[in-house]
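Novice: Structure for this input, please:
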Amino acid sequence: MRPKRNRRPAADKSAAERFSQPPSSSIGEYSRLAATAFSHDLTADLHALVVGAGALGNEVIKNLALLGVGHLCIVDRDHVERSNLTRSILFCIPEIEHHLRQKTPKAELAAKRVTEINPDVDCTFFTGEIADFGLGRLRRSDIVFSCLDNELGRLELSWACNRLNKPLVDGGLGLINSSSGLVSLLPGADGPCYACRKGSKRRGQLLQELYGREDPCWVEAGQQKDQGFISSTPLMASLIGSLQVDVGLRHCLEGGGDCGKGRSYKVATHPQPDLQLLEFERSPHCPLHQPESYMQEVIEMTEHGSPQWTPAELFQELGEGPCQLSIDWPRTVRASCRECHFEWRPMMRRARFRNSSCPHCGSMDVAEAEVLSALPADSPWAACTFTELGFPLGHIYEVAIGSGDSLRRVHIELTKDLKSPERRVLRRGAGRG
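Specialist: Model prediction:
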């Protein structure tokens, strides 16, 4: 019996299409919002994804919770630190000392606070990087908010949203002037991505770094301090976070306008108040817009999960000629230590491996022995499960079938993984499923 396959558009109807019905009577606690663009009749069905739960993310998450967005997922890889407290309203709670000692993940604590602020919001969280989140999960979002403080993460998130035709609202706080910030709306597949705003030299640097290096936040903070950059303030985080939510929800609920252009709002409150609106188009020199990488249609494999299934079994299931699995970013699958000569299988993105240490002796003097950029059917790694290869749950895989003029690409989602995609914060009085 052949496993079930569901063919679905990569992006379902837009939020504006789904929520175009006239609002019904106002809902109790949300009555003051009923006559605004953010009526709860509209926001209650929205699925919002916030990536980054620092100063900016706190403000975006807080505003989405107050507006009663129906479904909210929070992604962040770090834990709460004392330095966060002067800029992160969600973490200013009486029991914060406990969370500091326990090194509670930011995403987890932020999600807990959302359910306390507004129990109507179905809030989930994921502790990790966006690359570990799985494109299948991102595909189920209506709007994505980028609150990241590093360019590589923002570039990677932008590329994923472009491939899935998801609107992305990117926020950034000024590095030179603490009273400035920038909000950019990247509308989806037909428009520009984060890299399109960069000059060709900086874009090339970012792409090179993304394929080979990734610095943790504390390293970047030190580099910025050495270059004379300053820390962000809660004042500008509040302003930029509010603008992000306003721009994102209006785009989602009222229609996006020209989807071939991006829009940036450049804000400053000092030394002179200033607001500039800038429009920009896709750069013809940006390499992240190959038509074949866009996910026009996704085949849902509803009976297969990453812990059990292998690429070899996927190729056999497709059964349509020679197959090759494309890998989004190169993965280091074998490595060795120059100090103790220990060998192991990292099974992680190359960018992350560059900051790894030897699991045996702790030395940072490690070397890659094998890196995968693609996985053909005859590779011995094709017999490993997707989980053993280090791929995220609920991911969407691009498979090239055939060769030459007959080459075509399909996108496969291991939908079974998504039955419990993230950790959910239980509402008070709710039992465990």
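
Novice: For residue 115, what are phi and psi?
Specialist: phi -70, psi -30 (degrees, to the nearest 10).

Novice: Give me the neighbour count for it.
Specialist: 20 (other CB atoms under 10 Å). For the C-beta atoms, the positions are set from N, CA and C on the backbone; glycine is no exception.

Novice: how much space between it and residue 60?
Specialist: Counting by CB to CB, to the nearest Å, the gap from residue 115 to residue 60 is 17 Å.

Novice: Equivalent analysis for residue 102, please.
Specialist: 25 Å.

Novice: So between the two, which is more surrounded?
Specialist: Neighbours were counted for residue 102 and for residue 60 using other CB under 10 Å; residue 60 has more, 29 against 11.

Novice: Could you double-check that the more buried one lies in contact with residue 50?
Specialist: Yes. Using CB atoms under 8 Å, residue 60 is in contact with residue 50, at 5.5 Å.

Novice: Identify the contacts common to the two.
Specialist: 145, 147 (CB atoms under 8 Å, 6 or more residues apart in numbering).

Novice: Show me the shaky parts of this structure.
Specialist: Scanning the chain with the threshold set as pLDDT under 70 gives 1-28, 175, 203, 206-232, 256-257, 420-433.

Novice: continuing past the helix ranked longest in the chain, what's the next helix or strand?
Specialist: Using DSSP state H, we find that the single longest helix of the chain is helix 234-254. Per DSSP states H and E, helix 234-254 leads on to strand 261-268 as the next helix or strand towards the C-terminus.

Novice: just checking, what packs against that following strand?
Specialist: strand 180-186, helix 234-254, strand 274-281 (3 or more CB pairs under 8 Å, 6 or more residues apart in numbering; DSSP states H and E).

Novice: Show me where the stretch 251-400 of the chain has its strands.
Specialist: 261-268, 274-281, 297-301, 323-337, 343-344, 348-349, 366-376, 396-401 (DSSP state E, counting those that start in this stretch).

Novice: For the fourth one, which strands pair with it and how are they oriented?
Specialist: Partner strands and pairing direction for strand 323-337 (DSSP bridges) are strand 343-344 (antiparallel), strand 348-349 (antiparallel), strand 366-376 (antiparallel), strand 396-401 (antiparallel).

Novice: quick one, strands of the stretch 1-150 of the chain?
Specialist: Under DSSP E, counting those that start in this stretch, the stretch 1-150 of the chain gives strands at 5-9, 47-51, 71-76, 122-127, 143-146.

Novice: what about the spatially most central residue of the chain, distance to residue 292?
Specialist: Central residue of the chain (CA atoms, centre = their mean): residue 130, 4.1 Å from the mean position. According to CB to CB, residue 130 and residue 292 sit 22 Å apart.

Novice: ok, residue 379 - contacts?
Specialist: Taking CB under 8 Å, 6+ apart as the test, what residue 379 contacts is residue 372.

Novice: hang on, residue 270 packs against residue 181?
Specialist: No. Taking contacts as CB under 8 Å, residue 270 lies outside contact range of residue 181: 11.8 Å.

Novice: Mind checking which of those two has more residues around it?
Specialist: residue 181 (24 against 11).

Novice: which residues does the nearest residue to residue 386 once chain neighbours are set aside contact?
Specialist: The shortest distance from residue 386 to any non-neighbouring residue, by CB to CB, 6 or more residues apart in numbering, is to residue 306 (4.0 Å). By CB under 8 Å, 6+ apart, the contact list for residue 306 reads 385-387, 391-395, 414, 417.

Novice: What is the neighbour count of the closest residue to residue 342 other than its chain neighbours?
Specialist: Here the nearest residue to residue 342 in space, its sequence neighbours aside, is residue 360; by CB to CB, 6+ apart that works out to 3.9 Å. Neighbourhood size, residue 360 [other CB under 10 Å]: 13.

Novice: any idea how far residue 341 is from residue 360?
Specialist: Applying CB to CB, the value for residue 360 to residue 341 is 9 Å.

Novice: and if you look at residue 369?
Specialist: 12 Å.

Novice: more neighbours, these two?
Specialist: Using other CB under 10 Å, the more surrounded residue of residue 369 and residue 341 is residue 369, with 14 against 10.

Novice: What sits closest to the more buried one if chain neighbours are left out?
Specialist: Of all residues not flanking residue 369 in the chain, residue 334 sits nearest, at 4.0 Å (CB to CB, 6+ apart).

Novice: what does residue 340 give?
Specialist: residue 361 (4.3 Å).

Novice: returning to what we had before: could you dump the strands of the stretch 251-400 of the chain to JSON lines with distance to residue 356?
Specialist: JSON lines is the format used below for these (distance: least, CB to CB, whole Å):
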{"stretch": "strand 261-268", "distance to residue 356": "35"}
{"stretch": "strand 274-281", "distance to residue 356": "37"}
{"stretch": "strand 297-301", "distance to residue 356": "31"}
{"stretch": "strand 323-337", "distance to residue 356": "8"}
{"stretch": "strand 343-344", "distance to residue 356": "10"}
{"stretch": "strand 348-349", "distance to residue 356": "7"}
{"stretch": "strand 366-376", "distance to residue 356": "6"}
{"stretch": "strand 396-401", "distance to residue 356": "25"}
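
Novice: Out of those strands, which gets nearest to residue 247?
Specialist: For the strands of the stretch 251-400 of the chain, proximity to residue 247 was assessed by CB to CB; strand 261-268 is nearest, at 6.9 Å.

Novice: Buried residues, that closest one. List them.
Specialist: Counting neighbours by 16 or more other CB atoms under 10 Å, one finds that the buried residues in strand 261-268 are 261-265, 267-268.

Novice: Tabulate the CA atom coordinates of it in PDB.
Specialist: Only the C-alpha atoms of strand 261-268 are listed here, as PDB (Å, rounded to 0.1, in the frame of the first residue of the first chain):
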ATOM      1  CA  LYS A 261       8.700  45.900  -4.100                       C
ATOM      2  CA  GLY A 262      10.000  46.000  -0.600                       C
ATOM      3  CA  ARG A 263       9.400  48.900   1.800                       C
ATOM      4  CA  SER A 264      11.700  50.200   4.500                       C
ATOM      5  CA  TYR A 265      10.800  52.700   7.200                       C
ATOM      6  CA  LYS A 266      13.800  54.500   8.600                       C
ATOM      7  CA  VAL A 267      13.100  56.100  12.000                       C
ATOM      8  CA  ALA A 268      15.200  58.400  14.100                       C
END
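
Novice: neighbouring contacts of it?
Specialist: Residues outside strand 261-268 that contact it (CB under 8 Å, 6+ apart): 174, 177, 179-187, 191-192, 196-197, 236, 239-240, 243, 247, 274-281.

Novice: Sheet partners, orientation included, of it?
Specialist: By DSSP bridges, strand 261-268 pairs with strand 180-186 (antiparallel), strand 274-281 (antiparallel).
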